[in-house]
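Chemist: Sequence first, then the predicted structure, then my questions.
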Amino acid sequence: MNLFTKKGFDAFVKRLPGTSFVDQWDSHVAKVGDKVFTLLGEGDEARIVVKCSEESFEILTALEGIGQAPYFAKRKWVEIRASAPLSEEEVVHYLTRSYELVAAGLTKKLRLELGITLPVV
C-alpha cells in the first residue's frame with residue numbers, strides 16, 4: 001500500500017474508527033470527530049501532513065524531506081514528503097499517532113459514539 005496515493009491513503013485511514021474525508025485546501029483531508037488529523041497533498045510531490053509530539057517534531061524536522069507543515073500555525077504539525085527517508089511502517093506510525101493525538105482531544109461522549117478506544121498512556 002502506498003500511503004502517498006489517494007487509494008492507499010484512504011484504505012489506511014478508513015480502518016480508523018470515526019474518520020471521514022473532505023477535499024479542501026487543494027488536499028484530501030481526513031478528520032476524526034470533525035477535527036483534522038491528517039491530509040494528503042498531491043501535486044509535484046505527494047506529501048502527508050500529521051500532528052506529532054514535540055519530541056517527534058524535533059526529530060522529524062531534522063530529516064530531509066520533512067518540515068513544519070505550511071498553513072498550520074501551531075508547531076507539532078509536520079509535512080512528510082514522499083521522498084522523506086521514512087519507511088511505510090514509520091509513516092503508518094505517525095499517521096496513527098496523529099489520529100490518537102487529535103482523537104484524545106474529543107469529548108469522551110463523542111469518542112464513545114464514534115467507537116474510538118485509545119491506548120492507555
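Modeler: Noted; the coordinates are in hand.
Chemist: only C-alpha atoms for contact and neighbour calcs from this point on.
Modeler: Noted.
Chemist: Report back the residue of the protein that's furthest from centre.
Modeler: Each residue of the chain has a distance to the centre, and by Cα atoms, centre = their mean the biggest one is for K109: 22.7 Å.
Chemist: can you list contacts of whichever strand or helix holds that one?
Modeler: Element membership for K109, per DSSP states H and E: helix 108-114. Outside helix 108-114, the residues that touch it by Cα atoms under 8 Å, 6 or more residues apart in numbering are P17, G18, G33, A103, T117.
Chemist: And for the residue nearest to S83 when sequence neighbours are not counted, the neighbour number?
Modeler: Once flanking residues are discounted, S83 sits nearest to G65: 6.0 Å by Cα to Cα, 6 or more residues apart in numbering. By other Cα atoms under 10 Å, the residues close to G65 number 16.
Chemist: Next, the contact list for G65, please.
Modeler: Contacts of G65 (Cα under 8 Å, 6+ apart): I80, R81, A82, S83, A84, P85.
Chemist: Helices along this protein, start to end?
Modeler: Assignment of helices within the chain using DSSP state H yields the ranges 6-13, 54-60, 88-104, 108-114.
Chemist: can you put the ones you listed in a markdown table and add mean pLDDT and distance to F37?
Modeler: Shown next, in a markdown table, are these (pLDDT from 0 to 100; distance: least, Cα to Cα, whole Å):
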| stretch | mean pLDDT | distance to F37 |
| --- | --- | --- |
| helix 6-13 | 96 | 10 |
| helix 54-60 | 93 | 15 |
| helix 88-104 | 96 | 5 |
| helix 108-114 | 94 | 15 |
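Chemist: Export those as a markdown table, with columns for distance to H28.
Modeler: Converted to a markdown table, the helices of the chain look like this (distance: least, Cα to Cα, whole Å):
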| stretch | distance to H28 |
| --- | --- |
| helix 6-13 | 8 |
| helix 54-60 | 22 |
| helix 88-104 | 14 |
| helix 108-114 | 21 |
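Chemist: Nearest to Q24 among the ones you listed would be which one?
Modeler: helix 6-13 (14.0 Å; Cα to Cα).
Chemist: Can you tell me which helices and strands that closest one packs against?
Modeler: Applying 3 or more Cα pairs under 8 Å, 6 or more residues apart in numbering; DSSP states H and E, one finds that helix 6-13 contacts no other helix or strand.
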